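J.: With the input below, show me the fold.
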Amino acid sequence: MKALPRVDDKRVIDMHVHIGPEFLSRRYNAEALAAEARREGFGVVMKNHFQPTTGQVSQLRRDDDQVALVGSVALNFGCGGVDDHGVRSALSGWKKDVTQADPDPDRFVVWLPTLCCEAHLRCYNRRDLSEAWGVKGQYTRYYAEGTGYTLDSNNFDKMAALNRALKVIADNDLILATGHLDRDETLTVVKAAREAGVRRIIMTHPLFHSTELDPETMARMWQEYGAYSELAFVNLAMDHLTYSQYLSVIEAVGPQGVILSSDVGQVFSPPVGEALREFYGELNRHGVKEDDIAQMAVLNPNRLLFEEMN
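T.: Model prediction:
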């Protein structure tokens, strides 16, 4: 079994893994994923569509951990939507020692909406969860046309709410990920985030069919705003994306502006370590140099989470 890449003392960090409990069946809870991360030697950001994971993850973190265990929140309607409420909720839970007043100083990830976006709902027959993912129909929710989340840069109230969220993210130097917004909404968010002082931005799997950014636009977002483009292993199978498309992004943006994640946690997907080894191996077989894979899988996530950024 090939070891995951490392650069000096820096390890792979998978910035996108799903955990339960959730309406969807999941491979992991926080404790099981932490155990695998420690055993396999990778860091991980744990994501849940319906609740912040910061409280669960913070209680698992140990002073002797050699890998990063990181929480997150996705600002879907159940987590307060796009405003400061959900970010504050996640911040409140981000502490190992519950007797302390202040959250831990380490960073976590704030995703903008995923399942409740109009762009997402249009892809799944107006349902937040697809039964093809293994969820029971009774636990899916139907959204009438126009009732999902949208972001219009000319809508004062929605931009004000976004800016309240961005202020908490910027004040705490957290990481913003764009979620399942459409193309124009994603670009609006990247620009607004940068203007609000957010310095750590990831465009969530921007080839995904709710967003569908082109490589040239991703390159521009990197050059002008420092927004990373995420390439996720699971989208290759679940959304019929190709390694050729991924290579086009890496070529256009450059390895310095790309993040490699697994986005696994589904019961039908492989474990994280197995998924990452397959992902990196296939990229290498398609001509991506090992040093470039290490840049995208090790150095860039470590920079986002732990290094100073302008």
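
J.: quick one: Val249 from Leu241, how far?
T.: Distance from Val249 to Leu241, counting by C-beta to C-beta, to the nearest Å: 10 Å. For every residue, glycine as well, the C-beta is placed using N, CA and C.

J.: any shared contact partners between those two?
T.: Residues touching both Val249 and Leu241 (C-beta atoms under 8 Å, 6 or more residues apart in numbering): Leu207.

J.: neighbour count winner among these two?
T.: When Val249 is set against Leu241 and neighbours are counted by other C-beta atoms under 10 Å, the residue ahead is Val249, at 21 against 18.

J.: mean confidence score for the helix or strand hosting Phe279?
T.: Phe279 is located in helix 272-285, with elements delineated by DSSP states H and E. Per-region confidence: helix 272-285 scores 98 on mean pLDDT.

J.: Would you mind identifying the next helix or strand past it?
T.: Later in the chain than helix 272-285, the nearest helix or strand by DSSP H and E is helix 290-294.

J.: Which stretches in the protein count as strands?
T.: 6-7, 10-11, 13-18, 43-47, 69-70, 72-74, 109-111, 175-177, 201-203, 227-232, 258-261 (DSSP state E).

J.: can you redo these as CSV with mean neighbour count and mean pLDDT?
T.: Rendered in CSV, the data for the strands of the chain read as follows (neighbours: other C-beta atoms under 10 Å; pLDDT from 0 to 100):
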stretch, mean neighbour count, mean pLDDT
strand 6-7, 14, 97
strand 10-11, 19, 98
strand 13-18, 27, 98
strand 43-47, 26, 98
strand 69-70, 24, 98
strand 72-74, 26, 98
strand 109-111, 26, 98
strand 175-177, 26, 98
strand 201-203, 25, 98
strand 227-232, 26, 98
strand 258-261, 26, 98
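
J.: May I see the ones you listed organised as a markdown table, with distance to Asp214 added?
T.: Listed next are the strands of the chain as a markdown table, based on distance: least, C-beta to C-beta, whole Å:
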| stretch | distance to Asp214 |
| --- | --- |
| strand 6-7 | 30 |
| strand 10-11 | 31 |
| strand 13-18 | 21 |
| strand 43-47 | 26 |
| strand 69-70 | 30 |
| strand 72-74 | 25 |
| strand 109-111 | 22 |
| strand 175-177 | 19 |
| strand 201-203 | 12 |
| strand 227-232 | 11 |
| strand 258-261 | 15 |
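
J.: what's the closest of the ones you listed to Pro301?
T.: Pro301 sits nearest to strand 13-18 of all the strands of the chain, at 3.7 Å, using C-beta to C-beta.

J.: how about the helix or strand of the chain with the lowest mean pLDDT: buried residues?
T.: Taking mean pLDDT, DSSP states H and E as the measure, the helices and strands of the chain show their lowest mean at helix 233-238, namely a mean of 94. Neighbour counts using 16 or more other C-beta atoms under 10 Å place 233-236, 238 of helix 233-238 among the buried residues.

J.: hey, C-alpha coordinates of that helix in CSV?
T.: Listed next in CSV are the C-alpha coordinates belonging to helix 233-238 (Å, rounded to 0.1, in the frame of the first residue of the first chain):
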residue,chain,number,x,y,z
PHE,A,233,-12.5,12.5,-6.3
VAL,A,234,-16.1,11.6,-5.8
ASN,A,235,-17.3,13.9,-8.7
LEU,A,236,-15.5,11.7,-11.2
ALA,A,237,-17.9,8.8,-10.5
MET,A,238,-21.0,10.4,-9.2
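
J.: Start at 48, not 1
T.: All right, first residue 48 from here; so that's helix 280-285.

J.: on contacts alone, who are the packing partners of it?
T.: Helix 280-285 makes packing contacts with helix 319-332 when contacts are defined by 3 or more C-beta pairs under 8 Å, 6 or more residues apart in numbering; DSSP states H and E.
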